[in-house]
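> Okay, here's the prediction I keep looking at, along with the sequence it came from:
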Amino acid sequence: MMQQRVKGAGAVRDWLAVTENGIYCRPGGFHIDPARPVARALITHGHGDHARPGHGAVLATRETAAIMRARFGADAGALQATAYGAEEQIDGVRVRFVPAGHILGSAQIVLEHGGQRVVVSGDYKRRRDPTCPPFEPVPCDVFITEATFGLPVFRHPPAEDEIARLLESLRLFPDRAHLVGVYALGKCQRVIALLREAGYDQPIYLHGALRTLTDLYEAEGVALGPLPDATGAEKDAMKGAVVLAPPSAIGDRWTRRLPDPLAALASGWMRVRQRAKQHGVELPLVISDHADWDELTATIDELKPGEVWVTHGREEALVYWSQTRGIPARALLLTGREEEEGE
Amino acid sequence: MKAFAVLLDRLVYTPARNGKLALMEHYFRTVPDPDRGWGLAALTGELSLDFAKPALIRNLIAARTDPTLFALSYDYVGDLAETCALLWPDAAGGGPAPRLSEIVETLQRTSKAETPRRLAGWLDRLDATGRYGFLKLLTGGLRVGVSARLAKIALAESFGKPIEDIEELWPTLAPPYDSLFAWLEDRRQRPSPEAAPRFRPFMLAHALEDQGELEGHAWQVEWKWDGVRVQFVAEHGAKRLFSRTGDDISGAFPDLLERIRVDAVIDGELLVRGADGHAAPFNDLQQRLNRKTVTAKMLAGYPAFLRAYDLLVEHGEDLRALPLSERRMRLERLVAAHKSERLDVSEVLTLTDPAALARLQAEARTLGREGLMLKRLDSVYTAGRVKCLWYKWKRDPHTADAVLMYAQRGHGKRSSFYSDYTFGVWRGDELVPVGKAYFGFTDEELKQLDRWVRDHTVQRFGPVREVEKRLVLEVAFDSIHPSTRHKSGLAMRFPRIARIRWDKPAAEAERLEALEKLVESRAEQAQEEPGLLAR
């Protein structure tokens, strides 16, 4: 059985290749998350290093299509939306999008051809996220995984505990605006949803750059409570309040409108001190939308794929670890994936 | 341990003094005895748990991780304690997190052979933050930017007690400070500070703004010596040397303690003697500061002595309520009787006419003095900075036109401003850094500088920007010394931005040779000394 699988995995190279634009399915004539404009693209999720403007035809989940339309407008390409679990046929390749648990609309793409099954994980996590459906494990011959946090030092604490630290800090520094750096798509809305789950019902102030996608989440049925604009708000009203802004706004002139801001940043990178210090953060919050080391390795153990291909991140450790488990593994070294902003 | 680890974690990331105070106050108010006492001891440097050498930590983690994964992780993180804290496997069923008191009290009676097993057991019971704090505590480097004094201020503010009362008691107390907390929380009487050599809070001076403030009173005029203000205490059969903040620095100055044989409390300036027999520049004294112990070479090369300003206690008699004129008389008598090269008295300068004061102040620089001290002859010795009794009149600073080279974002309220400036002067056609300043400008000037930095950035390194070498800053500084910190080989003392020279071309900024001439040399000072001893 094991023998057959490995052979099956090896045969995948006949129809699935890595080009300078990324992962390419020959019989289907499409790329997955291509780095440059192509004729046909399948998109796992809406983050900028996976979803780009300028493609011809695009297939994505309905939510991801909506995100791309909101971000790129007319440049989004000819968008075709599909639903989680719905099976599509593209020139003899069976294609299915299943939840990845990363952000709203995020999917793993399951490809079946010539008796082999490949799962392209995109970015994923195994933790509960109130803003999107959970990761769905699909057994496969080749598992193409991310490795953003592919080092054993990255073990994210429960996000709820990190939210509790933020609330504790608000009590300790009631006169300071708590400026939390969040990525505009996914992290922003998850942090709001986690705060609401923790019983925090005060207004949460938003930087203008976060508005469009947050509105989109709400339109998709994610309730987030009162979210006034930070720009133009009374300075005193923001004392002891949570203010969300893109990470680039920390230390920016924009923050001068806030009362004695205390900078926080919600990211898996905050686990490492030097990273947190680089950003000038006073309250690092280890909240990540990516699988940590334990999730990455537990997922491979669970799926028992014939081969593991690692797309981007700290692939060396994960490749090494898979090999010690007797699973052939290789790094794809895809270009164009951002490591900081995507988190 | 958990609460203390969380405190350390937040202190590391909190640059502002007020933020640090709020965090420590929360800790002292919410953590039970005796844990908070041990926490206080760790923050004030009174707790030394030098148990774990890096090799021990490395062995512990190596036994629990794959060597390749450890190597990749260490390479990425860069710090052994942090790598170990992050990598340590979360053990299921290790038991509840250990209390700080459990760790400290157990370690004090644990044999060396048994230590590794103990440490591993505790690491199993802590989370990543707890493990990091624990390892930092064990390896003896908290590095959270908290001085002993700041921790004591937090303690005072937590319980609404005067900081002077805590400082006075401090040398008589030992961790975990049960009696101190009992008093702070009004559960018990204030512990008695008697019976051991103890620190008396210093009387401090205001900066003199205007000579008019001196009218109507008689003043004692002295040099403000360029050393470190200390209090020498010999009572109850023991001796101590305390810093201005009440820290016991006896360990670094055994030569002084041994050779001064009086039964008294003396307020004075700590100085070292140069080869010429005179007080050496501050840079020489610095060789002996901030050390727990001292080598024979240091003792011989930089012999310390005390230049007395004031006498607070003599033979158990508290003199602080007497006027300065009387204290001074008794001080002169005591020093004259003692006859030691380790103790002399700061001379009183006599003024022939009103203009003489300004002339002396102007001379301070060439003489290597920090400036003048003016004390009212009728002043009683009062703790703290009391208005209109003592004044200091510092010498005018040096100034130099330097070129802005790098700017770094500040912290707290200044986190959106480029407010820390590294500047340099010309060596040939190359600019070499000579210092870094982050004050001296107004809020309006800060805005202008920030805008200029953003508009003239050539490269960014994290929070630092390299800027076009075009803007000239007039930098004021107290003195300049040889140093390996900067490429120029010089470092300024107390540099601050005096003016922004928007008008001045960078090519006309100072040259390094000119600054090198400002380094105070001992030889020059000695030559000028005789003229000034005229009394």
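Right, received. Where do you want to start?
> okay, now the domains of the chain?
I'll assume chain A. Domain ranges of chain A: A:2-153+A:290-331, A:159-285, per automatic domain parsing.
> should've been chain B
Using automatic domain parsing, chain B is parsed into the domains B:2-139, B:203-391, B:398-516.
> I'd like these written out as JSON lines, with distance to A:Gln323 and mean neighbour count added.
In short, each C-beta sits where N, CA and C put it, glycine included. Formatted as JSON lines, those follow (distance: least, Cβ to Cβ, whole Å; neighbours: other Cβ atoms under 10 Å in any protein chain shown):
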{"stretch": "domain B:2-139", "distance to A:Gln323": "10", "mean neighbour count": "18"}
{"stretch": "domain B:203-391", "distance to A:Gln323": "50", "mean neighbour count": "17"}
{"stretch": "domain B:398-516", "distance to A:Gln323": "35", "mean neighbour count": "17"}
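> Mean pLDDT and distance to chain A added to these, as TSV?
Output for the domains of chain B, formatted as TSV (pLDDT from 0 to 100; distance: least, Cβ to the nearest Cβ, whole Å):
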stretch	mean pLDDT	distance to chain A
domain B:2-139	89	4
domain B:203-391	89	24
domain B:398-516	90	5
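> B:Leu107 is nearest to which of the domains of chain A?
Among the domains of chain A, domain A:159-285 comes nearest to B:Leu107, with 25.1 Å by Cβ to Cβ.
> Quick one: distance of the strand or helix carrying A:Gln80 to the chain centre.
If you go by DSSP states H and E, A:Gln80 is part of strand A:78-82. Remark: strand A:78-82 is offset 20 Å from the chain centroid, using Cα atoms, centre = their mean, to the nearest Å.
> For the residue lying closest to A:Val272 once chain neighbours are set aside, give me its contacts.
Using Cβ to Cβ, 6 or more residues apart in numbering or on different chains and skipping the chain neighbours, the partner closest in space to A:Val272 is B:Val77 (5.8 Å). By Cβ atoms under 8 Å, 6 or more residues apart in numbering or on different chains, B:Val77 lies in contact with A:153, A:272, A:274, B:83, B:86.
> Dump those residues into a markdown table; add distance to B:Met1 and secondary structure as well.
Shown next, in a markdown table, are the contacts of B:Val77 (distance: Cβ to Cβ, whole Å; DSSP: H, G, I helix; E, B strand; the rest coil):
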| residue | distance to B:Met1 | secondary structure |
| --- | --- | --- |
| A:Val153 | 21 | coil |
| A:Val272 | 22 | coil |
| A:Gln274 | 24 | helix |
| B:Thr83 | 20 | helix |
| B:Leu86 | 17 | helix |
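> out of these, who's nearest B:Ala62?
Nearest member of the contacts of B:Val77 to B:Ala62, counting by Cβ to Cβ, is B:Thr83, at 11.2 Å.
> my read: the closest one touches A:Val153, true?
Yes: using Cβ atoms under 8 Å, B:Thr83 makes contact with A:Val153 at a distance of 6.5 Å.
> where along the stretch 101-250 of chain A do the helices fall?
Using DSSP state H, counting those that start in this stretch, the helices assigned to the stretch 101-250 of chain A run over residues A:159-172, A:187-197, A:211-219.
> Report the set of residues contacting both of B:Thr83 and A:Val153.
Common contacts of B:Thr83 and A:Val153, defined by Cβ under 8 Å, 6+ apart, comprise B:73, B:77.
> Just the terminal-to-terminal distance for stretch A:108-128.
Start-to-end span of stretch A:108-128 (Cα to Cα, to the nearest Å) is 16 Å.
> ok so, going back, do you know which of the domains of chain B lies nearest A:Gly240?
Using Cβ to Cβ, the domains of chain B put domain B:2-139 closest to A:Gly240, at 13.0 Å.
> what does chain A put close to chain B?
Residues of chain A lying close to chain B by Cβ under 8 Å from any Cβ of the partner chain are A:151-155, A:157, A:172-173, A:250-256, A:260-263, A:271-274, A:276-278, A:280-284, A:314, A:316-317, A:320-321, A:324.
> In PyMOL, select just the buried ones from those residues.
Applied in PyMOL, the following selects the buried portion of the residues of chain A next to chain B according to 16 or more other Cβ atoms under 10 Å in any protein chain shown:
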select buried, chain A and resi 151+152+153+154+155+157+173+250+251+254+255+260+261+262+263+271+272+273+276+280+281+282+283+284+314+316+317+320+321
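> Filter the residues of chain A next to chain B down to the ones in strands?
A:262-263, A:283-284 (DSSP state E).
> quick check, nearest of those to B:Leu137?
Taking these together and measuring to B:Leu137 by Cβ to Cβ, the closest member is A:Pro284, at 20.5 Å.
> who does the closest one bridge with?
A:Leu265 (DSSP bridges).
> which SSE is B:Leu150 in?
helix B:148-159.
> can you check B:Arg118 too?
helix B:115-125.
> List the contacts of residue 260.
Going with chain A. A:175-177, B:412-413.
> Chain B is the one I meant
Counted by Cβ under 8 Å, 6+ apart, B:Ile260 has contacts B:232, B:234, B:239, B:306, B:338, B:340, B:342-343.
> neighbours of the nearest residue to A:His156 once chain neighbours are set aside, just the number please.
Nearest residue to A:His156 in three dimensions, chain neighbours excluded: A:Asp292, at 4.5 Å (Cβ to Cβ, 6+ apart). For A:Asp292, the count of nearby residues is 25 (other Cβ atoms under 10 Å in any protein chain shown).
> got it, and A:Trp15?
Neighbours of A:Trp15 (other Cβ under 10 Å): 18.
> Equivalent analysis for A:Lys304, please.
With other Cβ under 10 Å as criterion, A:Lys304 counts 13.
> pLDDT wise, what is it at?
On pLDDT, A:Lys304 comes in at 94.
> Can you give me the distance of it to chain B?
A:Lys304 sits 20 Å away from chain B, going by Cβ to the nearest Cβ, to the nearest Å.
> residues touching the residue of the stretch 1-150 of chain A found nearest chain B, list them.
Chain B sits closest to A:Gly150 of the stretch 1-150 of chain A, with a gap of 9.3 Å, by Cβ to the nearest Cβ. Neighbouring residues of A:Gly150 by Cβ under 8 Å, 6+ apart: A:293, A:296, A:310, A:313-318.
> Leaving out chain neighbours, which residue sits closest to the residue most central in space within chain B?
Ranked by distance to the mean C-alpha position of chain B (Cα atoms, centre = their mean), the top residue is B:Ser147 at 7.5 Å. Nearest residue to B:Ser147, sequence neighbours excluded (Cβ to Cβ, 6+ apart): B:Thr245, at 7.3 Å.
> The contacts of A:Asp260 into a markdown table, with extra columns for distance to B:Val104?
Converted to a markdown table, those look like this (distance: Cβ to Cβ, whole Å):
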| residue | distance to B:Val104 |
| --- | --- |
| A:Asp175 | 35 |
| A:Arg176 | 33 |
| A:Ala177 | 38 |
| B:Gly412 | 33 |
| B:Lys413 | 37 |
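> Tell me the one of those residues nearest B:Cys388?
B:Lys413 (32.4 Å).
> for that closest one, helix, strand, or coil?
Per DSSP: H, G, I helix; E, B strand; the rest coil, the local secondary structure of B:Lys413 is helix.
> Nearest residue to it in space, please, no chain neighbours.
Counting by Cβ to Cβ, 6+ apart, the residue nearest B:Lys413 is A:Asp260, at 6.0 Å.
> same check, this time on B:Pro254
That would be B:Val294: by Cβ to Cβ, 6+ apart, it lies 6.8 Å from B:Pro254.
> Pretty sure that neighbour sits against B:Ile249.
No: counting by Cβ under 8 Å, B:Val294 does not reach B:Ile249; the two are 10.7 Å apart.
> Name the nearest residue to A:Gln189, ignoring sequence neighbours.
A:Tyr217 is the one closest to A:Gln189 (Cβ to Cβ, 6+ apart), at 4.5 Å.
> Tell me how many other residues surround the one you found.
Count around A:Tyr217 with other Cβ under 10 Å applied: 25.
> Let me know whether it touches A:Arg211 as I believe.
No: contact criterion Cβ under 8 Å: A:Tyr217 and A:Arg211 do not qualify, at 10.9 Å.
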